[in-house]
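S.K.: after the sequence you'll find the predicted model.
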Amino acid sequence: MKIKKKKRQISLSASIINGIISMLVLFSILVSICGSLGYADALKKDYAESTYRMADTAAAIIDGDNLEKYLAEGEDENYRRNKELLEVYCRKIYVSLIYVIVVDQSDYGHFRCLYNTVYNEVDDTDYDEWELGHERDTTNNTYREKYKAIYEDGSKYETVYRLRITDGKKQHITTLVPVHNSKGEVVGILCMQRPMSAFRNRILIYLGVIASLATVFSIIAAVLVLKNNKKNFVVPIKKISEEAARFSKGDLEIHKLQDVGSIKEIADLSSSIEKMGKDMISYINHLTTITGERERITAELSIASTIQENSVPNTFPAFPDRSDFDVYASMTPAKAVGGDFYNFFLIDEDHLAVLIADVSGKGIPAALFMMVSNILITERTRSGGTPAEILEYINDRICKHNQADMFVTVWLGIIEISTGKVIATNAGHDDPAIYRKGEGFEIINETHGLVIGAMESVKYRNYEFRLGEGDKLFIYTDGIPEATTADEQMFGIERMIEALNKYKDESPKGILNGINESVNEFVGDAPQFDDLTMLCVELKKTSYLKTLTLKASNDNLDKVMEFVDDILEESCCPMKSRMKVDLSVEEIFVNIANYAYGDETGDAKISAGVKDGILTIIFEDGGVPYNPLKKPDPDIGLSAEKRKIGGLGIYLVKKNMTSVTYDFKEGKNILTLTKDYAEDVNGN
């Protein structure tokens, strides 16, 4: 009877074990299916978004103004250079195809190809490269709808998934982005095909992990059930329990368990308890060490965060002695340290440099890359040059030492404070927003250059706009529009513009505080995904002087006279005063053109404006130092034969103008003329 009972008990234990294992396997299958669906959906969205960013960067290479020209006339040097850049980029980002097409918008039924770059090694495909002008019918209605969405609906990108392939090709994703001309019109579509092999591999890894965990849990459950269904385990387990209780009360001395029974599993359990005690002591000691190490790392991260924070201007007001402009900036990293940065500084008394940038990645590597980039851009900007020249130099420097293949998007602008003129360039960064006094904020769209660090010898393009008194410039990183709620809704550009206009009458600090408040209110309790960095400049006062800079040549005299006459006409200058001013301007400019630089050539800068009825004209040149006012006035009482040659022209200038002063400063001759209109109105 005992033997039969024992066999029955063992059989019951096995049945329980089998039942639990079956339930765990079924549960793991359900978890795998549900989890893989959610994981695949999120991964699919991330895959599409990252492909869009790569395609949008590729679209920045295309010269949208010349697409129709290429189709009509064929290749030229610019076409071949852009095609070469696309081929390099295609291989660098490891995609199968990049091609640019112009679609027939009548029915979107066929298109012609502009560029076609093929990299079959990516997924062992056999695509053929299309020639310039290659015509082809649209594949299906799905593509027609995507083409229409880009041309007519203003979609920033569209995605086509090819997961069921019947033509022998591999599974892939195709992302379509618009190609714009300089007017912002959609003139073509860039298509990027990326294989789904990496997507599939990550799903398989996920399923493998779930299967492994299910196997481990099933084995553990079987062992535990087997131990709990053995006969005569109560006493041994009680002894083991007492030993564990003693240990848990703080008595860390290890006692060997005796007479725990003859069942192997119980003996093993007693040994495990004994080993657990030893391991626990070791763990406590190790935990103490780990805690100390973690505290050290935390302290070092805090120091790194402080260093990074101090690497950008963070004391406001930044220029307390300047009343003609105001600037404020903020940077909130997603982690202890981040990859965003901003900077602003005076190049000279009249030129303020502002920049904002976003380094790829996050954490310590991005922070290091950020600090190096910030230092390089800042020091190169202080050395002079246009924003495009500066970023071309920075890109080449970074590419030569970029073993980690990191990159940074940059927007750099130089503001001439006296006039409000802004010269800027964009290396793959978000477009700025401008506020015009009395109106509202709006985005200024300009063609982007390639991100810094992606490729050597890239050329960047300057563009200009002007800020008036009371106007504001807002620049930011993509952490603002891409701030995301828990249900994956993005803040977006439209909400950002709405928030900017809500606080448009505030100071730059008030605007940034308002944007922060709006973003935080929108995302709620969702964790911060990306760094939040932004900068705002308000131009409070501009100079009344207008400026013209040109070659000091007699050929440019007409341009100078036209520039001055426009100002005289705007200020309702009396005719008598106008004649005197014109004679004086002509005399001074001709003297600069003929004598300032000798046999060399150089520039002349003319600044002019009227305030309170007084005209001011300032001539600047970098020629040899010469003060014409030191020359004595000619004796006009003598006959022409007896007078010495020279001096009559500057004498007439002094007679015609209210005042004439000379100064030599920073290597420049500066001659200032003033004319009070009231003198001629009153008959003087």
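M.R.: Sure, I can see it.

S.K.: is Leu176 in contact with Leu190, as I believe?
M.R.: Yes: assessed by Cβ atoms under 8 Å, Leu176 is found in contact with Leu190 at 7.3 Å. C-beta here means a position set from N, CA and C on the backbone, and glycine is covered the same way.

S.K.: neighbour count: the two, which is higher?
M.R.: Legend: neighbour count by other Cβ atoms under 10 Å for Leu176 and Leu190, higher for Leu190 (25 against 22).

S.K.: dump the residue contacts of that one.
M.R.: Applying Cβ atoms under 8 Å, 6 or more residues apart in numbering to Leu190 gives the contacts Ala55, Ala58, Ala59, Ile62, Ile98, Tyr99, Val100, Leu176, Val177, Pro178, Val179.

S.K.: find the nearest non-adjacent residue to Ala357, please.
M.R.: Val410 (4.5 Å; Cβ to Cβ, 6 or more residues apart in numbering).

S.K.: now the helix or strand harbouring that neighbour - C-alpha only, CSV.
M.R.: Here Val410, judged by DSSP states H and E, is contained in strand 408-416. The C-alpha trace of strand 408-416 is given here as CSV (Å, rounded to 0.1, in the frame of the first residue of the first chain):
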residue,chain,number,x,y,z
VAL,A,408,24.8,68.1,-35.2
THR,A,409,22.1,70.3,-36.7
VAL,A,410,22.9,74.1,-36.5
TRP,A,411,21.1,77.4,-37.1
LEU,A,412,23.5,80.3,-37.0
GLY,A,413,22.6,84.0,-37.5
ILE,A,414,24.5,87.3,-37.2
ILE,A,415,22.3,90.3,-36.4
GLU,A,416,23.5,93.8,-37.3
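
S.K.: show me what counts as buried in that strand.
M.R.: Val408, Thr409, Val410, Trp411, Leu412, Gly413, Ile414, Ile415, Glu416 (16 or more other Cβ atoms under 10 Å).

S.K.: and of those, the nearest to Asp107?
M.R.: Thr409 (38.0 Å; Cβ to Cβ).

S.K.: might one say that the closest one is in contact with Val451?
M.R.: Yes: using Cβ under 8 Å, Thr409 is in contact with Val451, at 5.2 Å.

S.K.: re earlier: now do the contacts for the residue nearest to Ala357.
M.R.: Shown in contact with Val410 (Cβ under 8 Å, 6+ apart): Leu355, Ile356, Ala357, Ser373, Ile377, Leu391, Ile394, Asn426, Ala427, Gly428, His429, Ile452.

S.K.: tell me the least confident of those residues?
M.R.: Least confident entry in the contacts of Val410, by pLDDT: Ser373, with 88.

S.K.: leaving out chain neighbours, which residue sits closest to that residue?
M.R.: Closest residue to Ser373 apart from its sequence neighbours, by Cβ to Cβ, 6+ apart: Val408 at 5.1 Å.

S.K.: out of the contacts of Leu190, who's nearest Glu121?
M.R.: Of all these, Ile98 has the smallest distance to Glu121: 14.4 Å, by Cβ to Cβ.

S.K.: am I right that that closest one sits in a strand?
M.R.: Yes: assigned with DSSP: H, G, I helix; E, B strand; the rest coil, Ile98 falls within a strand.

S.K.: contacting residues around the closest residue to Ile62 other than its chain neighbours?
M.R.: With Cβ to Cβ, 6+ apart as the criterion, Ile62 has its nearest non-adjacent residue at 5.0 Å, and that residue is Val179. Residues in contact with Val179 (Cβ under 8 Å, 6+ apart) are Ala59, Ile62, Gly64, Leu67, Val100, Val186, Val187, Gly188, Ile189, Leu190.

S.K.: ok, 10 Å please
M.R.: Val179 makes contacts with 58-64, 67, 100-102, 114-115, 150, 185-190, as judged by Cβ atoms under 10 Å, 6 or more residues apart in numbering.

S.K.: give me the distance between it and Arg80.
M.R.: 18 Å (Cβ to Cβ, to the nearest Å).

S.K.: again with His172
M.R.: Distance from His172 to Arg80, by Cβ to Cβ: 27 Å.

S.K.: who has more neighbours, these two?
M.R.: Taking neighbours as other Cβ under 10 Å, His172 and Arg80 compare with His172 leading, 22 against 10.

S.K.: isn't the more buried one up against Arg200?
M.R.: No: His172 is beyond contact range of Arg200, at 11.1 Å (criterion: Cβ atoms under 10 Å).

S.K.: which residues do the two both contact?
M.R.: Leu163.

S.K.: now do the strands in the stretch 451-600 of the chain.
M.R.: Assigned by DSSP state E, counting those that start in this stretch, the strands in the stretch 451-600 of the chain fall at 463-466, 472-476, 532-539, 546-551.

S.K.: of all the ones you listed, which one is nearest Lys44?
M.R.: Comparing the strands of the stretch 451-600 of the chain by Cβ to Cβ, strand 532-539 comes nearest, at 26.7 Å.

S.K.: by contact count, what packs against that closest one?
M.R.: strand 325-332, strand 340-348, strand 351-359, strand 408-416, strand 433-435, strand 472-476, helix 508-523 (3 or more Cβ pairs under 10 Å, 6 or more residues apart in numbering; DSSP states H and E).

S.K.: okay if I get these as CSV plus distance to Asp633?
M.R.: CSV is the format used below for the helices and strands packed on strand 532-539 (distance: least, Cβ to Cβ, whole Å):
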stretch, distance to Asp633
strand 325-332, 44
strand 340-348, 37
strand 351-359, 39
strand 408-416, 38
strand 433-435, 52
strand 472-476, 50
helix 508-523, 53
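
S.K.: pLDDT below threshold where in the stretch 151-300 of the chain?
M.R.: The stretch 151-300 of the chain contains residues with pLDDT under 70 at 165-168, 198, 211, 214, 217-218, 221-281, 283-300.

S.K.: go with 80
M.R.: Within the stretch 151-300 of the chain, the segments meeting pLDDT under 80 span 163-170, 197-300.

S.K.: count the neighbours of the closest residue to Ala60 other than its chain neighbours for me.
M.R.: Distance criterion Cβ to Cβ, 6+ apart; nearest residue to Ala60, sequence neighbours excluded, is His448 at 4.5 Å. By other Cβ under 10 Å, 22 other residues sit near His448.

S.K.: ditto for the one 10 residues further on
M.R.: Val458 has 19 neighbours, counted by other Cβ under 10 Å.

S.K.: again, but for Leu30
M.R.: Using other Cβ under 10 Å, Leu30 has 10 other residues around it.

S.K.: now swap in Gly524 and tell me
M.R.: 9.

S.K.: was I right to think it contacts Phe491?
M.R.: No: taking contacts as Cβ under 10 Å, Gly524 lies outside contact range of Phe491: 11.6 Å.

S.K.: what is in contact with these two at once?
M.R.: When Cβ under 10 Å, 6+ apart defines a contact, the residues bordering Gly524 and Phe491 alike are Thr485.
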